[in-house]
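Novice: Build me a structure from this.
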Amino acid sequence: MSARRITRTRLFAATTVALAALSLTACEGDELTGSPAPESSTSASADGNSARPAGGAKGDAGDTGDTGATGSTGSTGSAGSTGNGKAPGSGTGADKSSGGNASAGSGGTDGSDSEVPGACSAADVRITAANAPRPINHLLLTATNTGSKTCALPPYPAARFGEAQAVPPVAESSKPQSLTTLAPGESGYAGVRLSSGDGSGENGYETTALTIPFEDGSIARVKLPSGGVYVDTALTVTYWQTSASNALEY
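Specialist: Modelled structure (predicted):
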């Protein structure tokens, strides 16, 4: 009986030792798998060496704020993100710079605009008159710039034939889009209907004198064709044109 008890005791002891060995092996296996302990994970996050989880977005915003606002701390990172990474006052400076460029551009445009030509004077132009081959009873006036600067003719010649007190009417259909301007040496043209071709005009008379006033008060005296001209109530002038053909179409 004592021999059996000894044998059982030894078997129990051996079994206990084997179980202990298995437990130790299992623990060592866990250590070999390299599973991080909670403390080591916390330490890595504290050191900032491992990538931050998605929950660290607030901290990233703080970092952005540090970059955007000079001398600001992470707690004021939202203010830095509003500034979009620019130093305080940089936005204002950009606006001022842009405004300055705009002003300079508009000034350049104004400065680059060509000067508007002044009105012609009787001293600037020489006006001649010639009978037109057609239509009949028409006179062609030619105004040539004899000055040294470009000038603008009046809208139409306010022609006064002889002792006439009234200015003849102007053919509105001959109005150009803008005033006729003359560079030195250039000419403008105006047509004059002297009288009706069918004799329907009234108060007709002959004259050898023609004067054309200008806007500055000066007066050009125009020499008429030899023998003078005959005018009546059909007298009409055109606006100054840039071509003789246009002036004689009306």
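Novice: Just give me the neighbour total for the closest residue to residue 190 other than its chain neighbours.
Specialist: Leaving aside its chain neighbours, residue 190 sits nearest to residue 141 (4.5 Å; criterion: C-beta to C-beta, 6 or more residues apart in numbering). The way it works is simple: take the backbone N, C-alpha and C, and place the C-beta from them, glycine included. Counted with other C-beta atoms under 10 Å, residues neighbouring residue 141 total 25.
Novice: Please apply the same query to residue 128.
Specialist: As a measure of burial, residue 128 has 14 neighbours, counting by other C-beta under 10 Å.
Novice: I'd assumed it was in a helix, is it?
Specialist: No - when DSSP: H, G, I helix; E, B strand; the rest coil is applied, residue 128 is found to be strand, with no helix at that position.
Novice: In this structure it contacts residue 141, no?
Specialist: Yes - using C-beta atoms under 8 Å, residue 128 is in contact with residue 141, at 7.3 Å.
Novice: Spit out the residues that contact these two alike.
Specialist: Here residue 128 and residue 141 have residue 222 as joint contacts, going by C-beta atoms under 8 Å, 6 or more residues apart in numbering.
Novice: Tell me where this structure has helices.
Specialist: Secondary structure of the chain (DSSP state H): helices at 2-32, 38-47, 57-68, 77-82, 90-112, 244-247.
Novice: Now do the end-to-end distance for stretch 176-195.
Specialist: Using C-alpha to C-alpha, to the nearest Å, the end-to-end distance of stretch 176-195 comes out at 24 Å.
Novice: Go through it and flag the buried ones.
Specialist: Buried residues in stretch 176-195, counting neighbours by 16 or more other C-beta atoms under 10 Å, are found at 179-182, 187-195.
Novice: Could you list which of those residues belong to strands?
Specialist: Assignment to strands by DSSP state E places the following of those there: 181, 182, 187, 188, 189, 190, 191, 192, 193.
Novice: Distance to residue 170 and pLDDT added to those, as a markdown table?
Specialist: Conversion of these to a markdown table gives the following (distance: C-beta to C-beta, whole Å; pLDDT from 0 to 100):
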| residue | distance to residue 170 | pLDDT |
| --- | --- | --- |
| 181 | 19 | 97 |
| 182 | 19 | 97 |
| 187 | 20 | 98 |
| 188 | 15 | 98 |
| 189 | 14 | 98 |
| 190 | 9 | 98 |
| 191 | 11 | 97 |
| 192 | 11 | 97 |
| 193 | 11 | 95 |
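Novice: Show me the shaky parts of this protein.
Specialist: 1-114 (pLDDT under 70).
Novice: can you list the domains in it?
Specialist: Per automatic domain parsing, the structural domains of the chain span 1-47, 55-84, 118-247.
Novice: returning to that earlier point: list the contacts of the residue nearest to residue 190.
Specialist: Listed by C-beta under 8 Å, 6+ apart, the contact set of residue 141 reads 127, 128, 129, 157, 159, 189, 190, 191, 192, 212, 222, 247.
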